[in-house]
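K.L.:
coords below, sequence missing:
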């Protein structure tokens with residue numbers, strides 16, 4: 001699946017050597033046009049900022065974004081009318097679609113078409129984008145160290161390969177326990193602080209208030225909320241191409257068992273928070289909902305249209321006796337600059353603005369910013385909005401509690417869960433019964449992507 005772009009390591013060849021190389025390109029039709037003479041570069045490259053840069057020129061900056069980040073690109077255009085943007089919307093690689101990787105493979109073959117800047121909803125793009133010669137290094141001169149140093153601790157770990165930074169994290173998607181404060185009070189319940197209390201509350205809700213929900217297990221990112229928070233070792237990336245997979249450990253099975261009980265008594269939905277069914281039939285039935293930082297706006301406010309003054313956030317429950325608080329993470333997204341960009345100054349200006357400027361991250365962004373100063377402004381803005389029933393300090397605490405034993409490999413855990421476990425839930429099977437099949441699917445996907453697997 002990974003395409004290596006030889007032009008990253010190539011030096012300019014003169015005279016007969018260049019002619020021979022070009023002749024070879026004609027014969028070997030499968031070689032990349034970029035490798036065979038710098039197609040699309042418009043001239044000789046200059047090594048600067050840690051990579052070989054194509055000649056820079058005037059022209060429109062091509063930015064690829066998903067529908068959610070479209071507002072950011074448009075806002076940048078409004079605030080920078082002197083910069084011409086060509087904004088392209090795509091799926092953002094949602095659910096591991098691999099659209100970006102597939103297109104880059106095509107652009108590498110044809111020697112043209114690469115976007116200057118691209119947003120991805122996935123945190124694993126550098127696992128292929130570096131070898132493909134697409135992602136430009138950012139900490140070799142393009143982005144000031146003073147700027148990079150203000151991102152939240154560990155936020156850009158998923159962007160770093162052998163000490164070189166190849167992308168910037170857009171937002172942190174740490175999971176917390178969202179809850180309906182007035183509804184919880186009306187029913188006489190307390191916010192659970194342990195998973196044991198959470199499970200017991202789910203049983204009480206099913207018995208005393210049938211139809212109301214304490215969670216949802218219907219989305220492809222379900223394991224990133226529940227199993228990740230439980231320290232389930234299903235996805236421990238231990239090296240550049242190595243992963244440890246164990247879905248049947250105690251930390252995995254006890255969370256699966258808890259979820260199975262709640263799914264069976266219907267206090268946990270399997271519809272999915274973005275499904276038509278959920279919005280139509282369950283929007284006003286959510287009592288509790290473990291979920292990432294962006295649930296507050298994208299799910300409750302915009303999706304379910306929950307009225308203001310109801311939704312609050314609490315720390316994710318922990319297992320009794322666990323002295324090391326942990327939570328999961330759903331997405332967050334990353335921004336990359338292309339090594340092929342002929343507009344690097346404009347590209348890096350856009351990148352810095354979209355990840356750090358309060359005009360977007362502090363005031364408009366739907367999720368908790370990865371850039372710490374913007375996160376402070378964002379929290380103040382959420383408090384001032386009047387929408388939430390309490391402050392969102394739980395998000396700030398959770399930002400440093402994402403369990404590091406769940407990595408961002410080249411394969412998509414969301415796609416694997418959607419194909420392996422989700423259909424079984426629809427058929428009435430338990431999560432516990434599907435844990436071995438889930439492990440088998442992860443192992444197969446990892447090996448097909450060249451990973452050495454430890455089970």
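P.N.:
In hand now; what should we look at? The structure displayed is predicted, hence computed values, not measured ones. Residues are numbered from 1 along each chain as shown.

K.L.:
hmm, who's touching stretch 208-218?
P.N.:
183, 187, 198, 201-202, 205, 222, 226, 259, 262-263, 266-273, 275, 278, 282, 285-291, 422, 425, 431 (C-beta atoms under 8 Å, 6 or more residues apart in numbering). C-betas here are computed from N, CA, C, even on glycine.

K.L.:
next, the buried residues of it.
P.N.:
By neighbour count with 16 or more other C-beta atoms under 10 Å, stretch 208-218 contains the buried residues 209, 212, 213, 214, 215, 216, 217, 218.

K.L.:
got JSON lines for those, with distance to residue 312 and secondary structure too?
P.N.:
As requested, the buried residues of stretch 208-218 are arranged in JSON lines below (distance: C-beta to C-beta, whole Å; DSSP: H, G, I helix; E, B strand; the rest coil):
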{"residue": "209", "distance to residue 312": "19", "secondary structure": "coil"}
{"residue": "212", "distance to residue 312": "16", "secondary structure": "coil"}
{"residue": "213", "distance to residue 312": "16", "secondary structure": "strand"}
{"residue": "214", "distance to residue 312": "15", "secondary structure": "coil"}
{"residue": "215", "distance to residue 312": "16", "secondary structure": "strand"}
{"residue": "216", "distance to residue 312": "18", "secondary structure": "strand"}
{"residue": "217", "distance to residue 312": "22", "secondary structure": "coil"}
{"residue": "218", "distance to residue 312": "23", "secondary structure": "coil"}
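
K.L.:
PyMOL command to pick out the buried ones of the contacts of stretch 208-218?
P.N.:
Under the burial definition 16+ other C-beta under 10 Å, those of the contacts of stretch 208-218 that qualify are selected in PyMOL by:
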select buried, resi 183+198+201+202+205+222+226+259+262+263+267+268+269+270+271+272+273+275+278+282+285+286+287+288+289+290+291+422+425+431
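
K.L.:
quick one: which of the contacts of stretch 208-218 sit in helices?
P.N.:
183, 187, 198, 201-202, 205, 222, 226, 259, 262-263, 278, 422, 425, 431 (DSSP state H).

K.L.:
nearest to residue 70, of the residues you listed?
P.N.:
residue 278 (24.1 Å; C-beta to C-beta).

K.L.:
skip the chain neighbours and tell me the closest residue to that closest one.
P.N.:
Among residues not flanking residue 278 along the chain, residue 271 sits closest, at 4.3 Å (C-beta to C-beta, 6 or more residues apart in numbering).

K.L.:
thought the one you found was touching residue 282?
P.N.:
Yes - Residue 271 lies in contact with residue 282 (C-beta atoms under 8 Å); the separation is 6.7 Å.

K.L.:
so what pairs up with residue 292 in the strands?
P.N.:
According to DSSP bridges, the partner residues bridging residue 292 are residue 175.

K.L.:
so which residues make contact with stretch 180-193?
P.N.:
177, 179, 198, 200-201, 204-205, 208-209, 212, 286-288, 306, 309-312, 314-315, 317-318, 389-390.

K.L.:
swap that for stretch 423-443, sorry
P.N.:
With C-beta under 8 Å, 6+ apart as the criterion, stretch 423-443 contacts 217-218, 234-235, 245-248, 252-253, 256-257, 259-260, 263, 270, 411, 413, 416-417, 419-421, 453, 455.

K.L.:
which intervals of this protein have sub-threshold pLDDT?
P.N.:
1-42 (pLDDT under 70).

K.L.:
domains of it?
P.N.:
For the chain, the structural domains run 6-172+331-379, 175-328+411-454, going by automatic domain parsing.

K.L.:
now distance to residue 398 too, for those, in TSV please.
P.N.:
Shown next, in TSV, are the domains of the chain (distance: least, C-beta to C-beta, whole Å):
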stretch	distance to residue 398
domain 6-172+331-379	9
domain 175-328+411-454	5
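
K.L.:
what's the closest of the ones you listed to residue 400?
P.N.:
Proximity to residue 400 (C-beta to C-beta) singles out domain 6-172+331-379 among those, at 6.7 Å.

K.L.:
just to revisit the earlier point, of all the domains of the chain, which lies closest to residue 404?
P.N.:
domain 6-172+331-379 (7.6 Å).

K.L.:
how far does the closest one sit from its chain's centre?
P.N.:
Taking the mean C-alpha point of domain 6-172+331-379 and that of its whole chain, the gap between them comes to 16 Å (C-alpha atoms, centre = their mean, to the nearest Å).

K.L.:
and for stretch 216-230?
P.N.:
That offset, for stretch 216-230, works out to 14 Å (C-alpha atoms, centre = their mean).

K.L.:
what about that stretch, how long is it end to end?
P.N.:
16 Å (C-alpha to C-alpha, to the nearest Å).

K.L.:
need the next SSE after the one helix or strand residue 348 maps to, C-terminal direction.
P.N.:
Assessed by DSSP states H and E, residue 348 sits inside helix 344-356. In the C-terminal direction, the helix or strand that comes right after helix 344-356 (DSSP H and E) is strand 368-369.

K.L.:
can you list the strands that that following strand pairs with?
P.N.:
strand 171-172 (antiparallel).

K.L.:
who touches the strand it pairs with?
P.N.:
Residues from elsewhere that reach strand 171-172, judged by C-beta under 8 Å, 6+ apart: 152, 155, 293-294, 329, 332-333, 361, 365-370, 375, 399, 402.

K.L.:
mind running it again at 7 Å?
P.N.:
Outside strand 171-172, the residues that touch it by C-beta atoms under 7 Å, 6 or more residues apart in numbering are 152, 155, 293, 332, 333, 365, 367, 368, 369, 370, 399.

K.L.:
circling back: among the contacts of stretch 423-443, which lie within helices?
P.N.:
Reading helices off these with DSSP H, I get 252, 253, 256, 257, 259, 260, 263, 413, 416, 417, 419, 420.

K.L.:
how about these, which pair is most distant?
P.N.:
257 and 419 (22.7 Å).

K.L.:
out of the domains of the chain, which is closest to residue 394?
P.N.:
Of all these, domain 175-328+411-454 comes closest under C-beta to C-beta, at 4.4 Å.

K.L.:
now do that closest one: distance to the chain's middle.
P.N.:
So, by C-alpha atoms, centre = their mean, the centroid of domain 175-328+411-454 is 17 Å from its chain's centroid.
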